[in-house]
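*Asks:* Okay, predicted coordinates and the sequence, questions at the end:
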There are 2 protein chains.
Amino acid sequence: MTGIIDVALRAGVAKSTASRALSGNGYVSAETRERVERAARELAYSAHSSASSLATGRTSTIGVIMPMADRWYFAELLSGIQRALVDDGLDLGLYGATEGSAERARMLDHALAGRRFDGIIAVCLQPGAHELERLTETGLPLVSVGPFSERADTVTIDDVAASRVATEHLIDLGHEDIAFLGDEPDADRFSFGERKRLDGYCQAMISAGLDRRIRPVTTRSTIPEAFETSAALLADKRHRPTAIAAVCDEAAIGAILAAQRLGIPVPGELSVTGIDDHRYAEMFALTTIRQSPKEQGAEAVRLLRARMQDPQAPLGHVVAPVSLVARASTAVPRSDAR
Amino acid sequence: MTGIIDVALRAGVAKSTASRALSGNGYVSAETRERVERAARELAYSAHSSASSLATGRTSTIGVIMPMADRWYFAELLSGIQRALVDDGLDLGLYGATEGSAERARMLDHALAGRRFDGIIAVCLQPGAHELERLTETGLPLVSVGPFSERADTVTIDDVAASRVATEHLIDLGHEDIAFLGDEPDADRFSFGERKRLDGYCQAMISAGLDRRIRPVTTRSTIPEAFETSAALLADKRHRPTAIAAVCDEAAIGAILAAQRLGIPVPGELSVTGIDDHRYAEMFALTTIRQSPKEQGAEAVRLLRARMQDPQAPLGHVVAPVSLVARASTAVPRSDAR
């Protein structure tokens, strides 16, 4: 079996240098690291990761705890995390759970039982379920993506502002009957800021003197469920809003599909906004607030690496950028529709 | 720090029994295992996984190599794998890659460098890229989900039959102008049986004497890309097919959305079939061939566990079940449309 000494000989460096280069602990130049890595590849050298881990106390694995939901945001975020970890030579241990607190508690127990990683990225855990607190108690480096925490590094967007800007866009166009389509917060589910997005909508409505028109419509924010809810909302012409500010793009797309089904022209008789800039947004000409979960994932890895290097550094709270993308799902309301 | 002896005392078993129960190596009854696990939880006992791994030669981690694509199939499959692994007390190391061979080679190098897992589940690797061969050379237990391999355990559906049945359904309704909407095989991408599905369509057309009507239309099989391709296909009324057999539900949904955009009634003037039973299928009343990636994920874990226990057992090739789900996207063609 090839040993580290063979790798060192082939790369023309000392054994200790080869060891540093492959373990990632201690300084070696980029050029040396590359030479050692090439030698290791050529010799098909596989460090016994357990032995190396026992020696360093490190696993080189990052645990990612996130919903196992078929949602654009999670897939993009995971992809961003994954790529950043590979760039850093780290592995990704995935701990997913469906909704429901019993199942999630079991997943957390399992994830934490063996201390098989050097740090944790927790995605969209519901603050009300106190799962983040439990994670901070482990003392492991921790970054929360989505929910803000006073006790961990965080990557968030300004959910209140994102939703306020979308609602203000509708108000600026002249809409007054604007419904907010979104989730009711629930500790059994995952959180992506739905409560703050409702707040942002309310703030915009109140600032415009439209507080009596505030109209939250509760739905699960998947395309099929938002489709059902919107079909019921839009069916009654007398009480139909002229605009829908949706909690996310998937909810917004459900609303557009329901309008299509009912023969209601968008944006002619109904304007719709989302939040995300989902990969389907362009197809539906959706006006939305753009965020980049891929970049948020890379940012989470950067924060975690910094925390692993300096556990005592002040907490980092990154607010990821968002921007309004105006497409053709929003327009001035028709005068006869008001 | 709590030791294994404390766990054994609390559970009322011998230290060696506690060790067997927590390591998963060697026999203990289900009842004993549960008692030991409860004791370990109550004492917040964390086996140093690296030490335990060094002693047993096992990592208790399964490497999953799969596309990091925002697709229903992958999300469902990953969720099925994850749940089965948690049930077995195993961890999931995720190695994802986007399309493009350089990026994928880099990901494979990284995944295989440290031997950080006891087995591999490889999902939808493109057979033409010979990545499965590379994985079998590691000698690690390996299950391929999607592509069939002569050298590994596999979980597949019968892609040829699935596509043939969908096409025959359209032929039975009276359609003759049936286009096949799907991907062109490409080693830089991932494979989900697109070539076999094209074969199944061709077989059905040939059996019905419709070989001159065979009409493959090439598209990437995401909703937005299939939407664009279908809009171009359907725009010219003279050459419009009366039916589309799509390679998967996402392609089929893209086709339905394009028909809606062009004012072409489905199924009045266009019938559409998919393969998947995607979670959006019901919303689009899509006639499709149902498969369950969640169950395929659980099946892959079962095969891998069996392989880890008996490396010499004959290869297992599981063909997962599929079934036709007839909804309202297919109907008899209108006589004036023929």
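*Replies:* Thanks, I have the structure now.
*Asks:* Now do the same contact list for residue A:233.
*Replies:* The neighbours of residue A:233, taking Cβ atoms under 8 Å, 6 or more residues apart in numbering or on different chains as the test, are A:179, A:181, A:217, A:240-241, A:244, A:258. No exception for glycine: its C-beta is placed from N, CA and C like everyone else's.
*Asks:* Show the backbone phi and psi for residue A:144.
*Replies:* For residue A:144, the backbone dihedrals (degrees, to the nearest 10) come out as phi -100, psi 130.
*Asks:* who's it bridged to?
*Replies:* residue A:122, residue A:154 (DSSP bridges).
*Asks:* Near it, how many other residues are there?
*Replies:* 28 (other Cβ atoms under 10 Å in any protein chain shown).
*Asks:* Please apply the same query to the one 4 residues further on.
*Replies:* Summarising burial for residue A:148: neighbours were counted as other Cβ under 10 Å, giving 16.
*Asks:* Can you verify it is assigned to a strand?
*Replies:* No: secondary structure of residue A:148 (DSSP: H, G, I helix; E, B strand; the rest coil): coil, not part of a strand.
*Asks:* my guess is it contacts residue A:319, does it?
*Replies:* No: here residue A:148 does not reach residue A:319: they are 9.4 Å apart, not a contact under Cβ atoms under 8 Å.
*Asks:* What's the first helix or strand after the lowest-mean-pLDDT helix or strand in chain A?
*Replies:* The helix or strand of chain A with the poorest confidence is helix A:49-56; it has a mean of 52 (mean pLDDT, DSSP states H and E). Scanning forward in sequence from helix A:49-56 by DSSP states H and E, the next helix or strand is strand A:61-67.
*Asks:* The helix or strand following that following strand versus strand B:61-67: what angle between them?
*Replies:* Per DSSP H and E, the first helix or strand lying C-terminal to strand A:61-67 is helix A:72-87. Angle, helix A:72-87 to strand B:61-67, by axes from the mean of the first three to the mean of the last three Cα atoms, to 10 degrees: 110 degrees.
*Asks:* packing partners for the helix or strand following helix A:72-87?
*Replies:* Downstream of helix A:72-87, the next assigned helix or strand under DSSP H and E is strand A:91-97. Counting contacts by 3 or more Cβ pairs under 8 Å, 6 or more residues apart in numbering or on different chains; DSSP states H and E, strand A:91-97 packs against strand A:61-67, helix A:72-87, helix A:101-113, helix B:72-87, strand B:91-97.
*Asks:* Which residues outside the last one are in contact with it?
*Replies:* Contact partners of strand B:91-97, identified using Cβ under 8 Å, 6+ apart, comprise A:61, A:64, A:78-79, A:82, A:91-95, A:114, A:116, B:59-68, B:78, B:81-82, B:85, B:103-104, B:106-108, B:110-111, B:116-117.
*Asks:* Of these, which count as buried by neighbour count?
*Replies:* Buried members of the contacts of strand B:91-97, scored by 16 or more other Cβ atoms under 10 Å in any protein chain shown, are A:61, A:64, A:78-79, A:82, A:91-95, A:114, A:116, B:59-68, B:78, B:81-82, B:85, B:104, B:107-108, B:110-111, B:116-117.
*Asks:* Residue A:332 - how many residues pack around it?
*Replies:* Neighbours around residue A:332, by other Cβ under 10 Å: 12.
*Asks:* wait, I meant residue A:122
*Replies:* 27.
*Asks:* Run through the residues that contact it.
*Replies:* By Cβ under 8 Å, 6+ apart, the contact set of residue A:122 is A:65-66, A:131-132, A:135, A:142-145, A:152.
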